[in-house]
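Novice: Next input, structure requested:
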Amino acid sequence: MIIELAGVAKSFGDVTALRDADLRVRRGELVAVAGPSGSGKSTLLNVIGTLARATAGTVRIDGWDVAELDDDELSALRGGTIGFVFQHFHLAAGTTAVENVADGLLYRGRPRAERLRLAGAAMERVGLGHRLHHRPHELSGGEKQRVAIARAVLGDPPLLLADEPTGALDSRSGANVMRVLRELNAAGTTVVIITHDHGIAASVPREVHLKDGRIAHDTLVAS
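Specialist: The predicted model follows:
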């Protein structure tokens, strides 16, 4: 298992955003976490991504008990194991696409030439080898999201967490992003997608549905 949650809760003051969550995700799965706004989807992603510590319960990521790790060890776990993709791209405006991707390795001590070489390979992987030197304002929304995905998978993490990756895109661009995520999954990456889009949730092999901070059902939805 790459994700193991047992009895996990997360509270913010008097508000409990996540309650008694039990979730196990095998390596290589493609999972959608769905539910209405305020259901706890983003809180669950932040707990899985070790961006937030659980208030109660046990969280194991890639075999590591998160509660036993200090902040430096958590940073190392995130850096080597987890890639993040967010709805709003977070690309530096005055920087080329390949440089935006290469910045994902900025704090790992790699020489600039090596960072750019690896970034170029990641761009090829998401179908943007022809857009390396374009700046964000020269890219479509779907292309920007694929740049963000390339940055997330640059170090080849075994787990990719995508928070509403198609939420800011038109249907065609969203379909292209989903195709890239499926291709990464087919190559072995575990992919967890947070989404409010019922079509996306129904199109992947497994849907975890949240309601009022609880996992309401966990269903295999497609072959």
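Novice: For the chain, which segments are assigned as strands?
Specialist: 3-12, 15-25, 30-34, 56-61, 64-65, 82-85, 159-163, 190-195, 206-211, 214-220 (DSSP state E).
Novice: now those strands in CSV, with mean pLDDT, distance to residue 104 and mean neighbour count?
Specialist: In short, each C-beta sits where N, CA and C put it, glycine included. Shown next, in CSV, are the strands of the chain (pLDDT from 0 to 100; distance: least, C-beta to C-beta, whole Å; neighbours: other C-beta atoms under 10 Å):
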stretch, mean pLDDT, distance to residue 104, mean neighbour count
strand 3-12, 97, 22, 18
strand 15-25, 96, 23, 18
strand 30-34, 96, 22, 24
strand 56-61, 98, 19, 18
strand 64-65, 97, 22, 14
strand 82-85, 93, 9, 23
strand 159-163, 95, 13, 23
strand 190-195, 96, 17, 25
strand 206-211, 95, 27, 20
strand 214-220, 93, 31, 14
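Novice: Could you export those strands to a markdown table, including columns for distance to residue 129?
Specialist: Output for the strands of the chain, formatted as a markdown table (distance: least, C-beta to C-beta, whole Å):
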| stretch | distance to residue 129 |
| --- | --- |
| strand 3-12 | 32 |
| strand 15-25 | 31 |
| strand 30-34 | 24 |
| strand 56-61 | 32 |
| strand 64-65 | 35 |
| strand 82-85 | 19 |
| strand 159-163 | 20 |
| strand 190-195 | 22 |
| strand 206-211 | 31 |
| strand 214-220 | 35 |
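Novice: Enumerate the beta-bridge partners assigned to residue 214.
Specialist: Counting by DSSP bridges, residue 214 forms beta bridges with residue 211.
Novice: Which parts of this structure are helices?
Specialist: Ranges of helices within the chain are 41-48, 71-81, 97-102, 112-125, 141-152, 171-186, 198-203, based on DSSP state H.
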